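1. sequence first, then the predicted structure:
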Amino acid sequence: NARGRGIGKALLRTCEAAVTATGHTRMYAHAKVDNEAAQALFENGGYKEPTEVTESLTQSQIAQREPKPEFLVNLGLAEVGHVLLAKDLKAKDYA
């Protein structure tokens, strides 16, 4: 198990550096609502759900974010929602 060894954090930081090297100033991350480890990785790295995303969620999307019984998800009988997170990047932070 690679969790807790800093590999995800290092990969994320490397991706951010690559994004800034191409001149972009924002990076997005996408995670399933039930993937708490991924969400924690991104949030601890400074990612937040953009206000414009939160404000534009439909009732269906909000419902998909509600907790679902795991056995229904595993059987494909319940859909799990997703979270879009973003981080503004500065090239000087990756030099």
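-> Yep, it's here.

2. which parts of this structure are strands?
-> Shown for the chain, the strands assigned by DSSP state E span residues 26-32, 82-88.

3. do you know which of those lies nearest Ala40?
-> Nearest of the strands of the chain to Ala40, taken as C-beta to C-beta: strand 26-32 at 9.5 Å. Placement of C-beta: from N, CA and C, glycine included.

4. longest helix anywhere in this protein?
-> Across the chain, the helix with the greatest residue count (assigned by DSSP state H) is helix 7-21.

5. so which bits of that helix are buried?
-> For helix 7-21, a neighbour-count test (16 or more other C-beta atoms under 10 Å) marks 8, 12, 16, 19-20 as buried.

6. do the same with stretch 62-75
-> 64, 68.

7. repeat for stretch 37-53
-> Applying 16+ other C-beta under 10 Å to stretch 37-53 flags 38-39, 41-43, 45, 47 as buried.

8. among these, which are in helices?
-> If you go by DSSP H, those have 38-39, 41-43 in helices.

9. show me which of the buried residues of helix 7-21 is closest to Glu70.
-> When those are compared against Glu70 (criterion: C-beta to C-beta), the nearest one is Gly8, at 22.9 Å.

10. measure the residue lying closest to that closest one once chain neighbours are set aside to Pro50 for me?
-> Computed as C-beta to C-beta, 6 or more residues apart in numbering, the closest residue to Gly8 that is not its neighbour in sequence is Leu41, at 4.9 Å. According to C-beta to C-beta, to the nearest Å, Leu41 stands 18 Å off from Pro50.
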